[in-house]
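**Student:** The sequence and its predicted three-dimensional model are supplied below.
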Amino acid sequence: MGVLTAVVSAMLAGAIQTAPVAPPPPQDPPTELGDVVVDGRSLADRVEEFVDEVAAPPRRRGIARWRSRVCIGVVNLQKAQAQGLIDRISAVADEYGVRLGEPGCQPNVVVIFADDGRAMAGALVEADRRAFHLGVGGLDRGKVALEQFRQSDAPVRWWHVSMPVVGATGARAIRMPGDSGPIFVPGEGLVNNGRPITDMLNKVIVIVDAGKLEHVAGDQLADYLAMVSLAQVDPDGDTRAYDTILNIFDAPAAPNQLTAWDRGYLEALYDSWPQRLEGSHHAAAVARILERQDGGSPRP
């Protein structure tokens, strides 16, 4: 499944930047600080709640991460700004061992800037619904979530498609339309013959409503886009009680960059091959990372 349908490819022809250049100069960060609240819960309990709010895998699937090379395209933005975003998202991906595509590669993470995010989302889904929802259970969050993606008024919306694979080899572990009979892995036999299955991100489509960014600095947006491009983040998750870049549109004193909580989440996400990653296991791994870093207190 390619990330761009024929109609999207035609619409975006010549508008996608994929070659890295130096990022634009950073903007001055906001200095306002919120009130300090003492929370008596254990770190493990707080992290488990954080993971519950953030993680949004399809039903009956584990939390997915990138295994194939990631190629990032930015659309409808001036070249220098677009390539600055690509540089930052690529740098974050590289920190966690995600392989990056070469300049000129076919994007599987597409960030589209639009004057009207809702109209853009509706047009893309209407043009080729199967590019978002193939109809095979467990590859995305389903019809209801797709309608929310279309109708949302959020400044940024995103859509993930994933694929269950054999953990050791990366071979597809699910029957797709047109398949007949059991799925085999060459030299190994049936995929469900005792080998671990994991979930791999296949494509991410992000739409940014350009008219709703007035209070967000460029560096903040870049790290926010990195987070939602590398992880299946729940667009309805309530993370206001935690120190995370995901709060830049909701909190008056939002972080300026990825925080210890964000980095712990991503580190645990990409340090767990080849087994399927479930929410409770992920939360425990994030907690261990935050304890090791001696940080991670949630903010109001």
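**Tutor:** Yes, it's here. The structure displayed is predicted, hence computed values, not measured ones.

**Student:** so where's the chain uncertain?
**Tutor:** Counting by pLDDT under 70, the chain shows low-confidence ranges at 1-40, 168, 175-195, 273-274, 294-300.

**Student:** 80 instead?
**Tutor:** 1-41, 135-137, 166-196, 251-252, 272-275, 293-300 (pLDDT under 80).

**Student:** all helices in the chain, in order from the N-terminus.
**Tutor:** Per DSSP state H, the chain carries helices over the ranges 6-12, 43-54, 79-95, 117-127, 143-151, 218-230, 260-269, 279-293.

**Student:** May I see the buried residues of the longest one?
**Tutor:** Yep, that's helix 79-95 we're talking about. 81-90, 92-93 (16 or more other C-beta atoms under 10 Å). Heads up, the C-betas are built off the backbone N, CA and C, glycines and all.

**Student:** which one of the residues you listed is nearest Ile63?
**Tutor:** Checking the buried residues of helix 79-95 against Ile63 with C-beta to C-beta, the nearest one is Ala93 at 16.5 Å.

**Student:** Find the nearest non-adjacent residue to the closest one, please.
**Tutor:** Closest residue to Ala93 apart from its sequence neighbours, by C-beta to C-beta, 6 or more residues apart in numbering: Val70 at 5.5 Å.

**Student:** count of neighbours near that neighbour?
**Tutor:** 22 (other C-beta atoms under 10 Å).

**Student:** wait, doesn't it sit right on Tyr96?
**Tutor:** No: in this structure, Val70 is not within contact of Tyr96 by C-beta atoms under 8 Å, at 10.7 Å.

**Student:** Pull up the gap between Leu146 and Val156, please.
**Tutor:** 16 Å (C-beta to C-beta, to the nearest Å).

**Student:** out of the two, which sits in the busier spot?
**Tutor:** Shown here are Leu146 and Val156; by other C-beta under 10 Å, Val156 has more neighbours (21 against 17).

**Student:** Give the closest residue to that one in space, chain neighbours not counted.
**Tutor:** Val208 is the one closest to Val156 (C-beta to C-beta, 6+ apart), at 5.2 Å.

**Student:** Tell me, how many residues neighbour that neighbour?
**Tutor:** 27.

**Student:** What's opposite it in the beta bridge?
**Tutor:** Phe113, Val156 (DSSP bridges).

**Student:** surely it meets Phe113?
**Tutor:** Yes: between Val208 and Phe113 there is a contact under C-beta under 8 Å: 4.9 Å.

**Student:** Quick check: buried residues in stretch 49-63?
**Tutor:** For stretch 49-63, by 16+ other C-beta under 10 Å, it's 49-51, 53-58, 61-63.

**Student:** Just put these in JSON lines and tack on distance to Asp223.
**Tutor:** As requested, the buried residues of stretch 49-63 are exported to JSON lines (distance: C-beta to C-beta, whole Å):
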{"residue": "Glu49", "distance to Asp223": "22"}
{"residue": "Phe50", "distance to Asp223": "17"}
{"residue": "Val51", "distance to Asp223": "19"}
{"residue": "Glu53", "distance to Asp223": "18"}
{"residue": "Val54", "distance to Asp223": "15"}
{"residue": "Ala55", "distance to Asp223": "18"}
{"residue": "Ala56", "distance to Asp223": "19"}
{"residue": "Pro57", "distance to Asp223": "22"}
{"residue": "Pro58", "distance to Asp223": "25"}
{"residue": "Arg61", "distance to Asp223": "26"}
{"residue": "Gly62", "distance to Asp223": "25"}
{"residue": "Ile63", "distance to Asp223": "20"}
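
**Student:** Specify which member of these is nearest to Ala217.
**Tutor:** Distances from Ala217 to the buried residues of stretch 49-63, taken by C-beta to C-beta, are shortest for Val54, at 21.9 Å.

**Student:** Looks like that closest one contacts Val233 (just checking).
**Tutor:** Yes: here Val54 reaches Val233: they are 5.7 Å apart, a contact under C-beta under 8 Å.

**Student:** overlap in contacts of those two?
**Tutor:** Common neighbours of Val54 and Val233, using C-beta atoms under 8 Å, 6 or more residues apart in numbering, are Leu246.

**Student:** Return the residues in contact with the residue lying closest to Arg65 once chain neighbours are set aside.
**Tutor:** Distances taken as C-beta to C-beta, 6+ apart place Leu269 nearest to Arg65, at 5.1 Å, with adjacent residues excluded. When contacts are counted by C-beta under 8 Å, 6+ apart, Leu269 touches 63, 65, 96, 230-231, 277, 282.

**Student:** List the buried residues in stretch 203-222.
**Tutor:** 203-209, 213, 216-222.

**Student:** nearest to Gly122, of those residues?
**Tutor:** Among the buried residues of stretch 203-222, and counting by C-beta to C-beta, the member closest to Gly122 is Ile207, at 10.2 Å.
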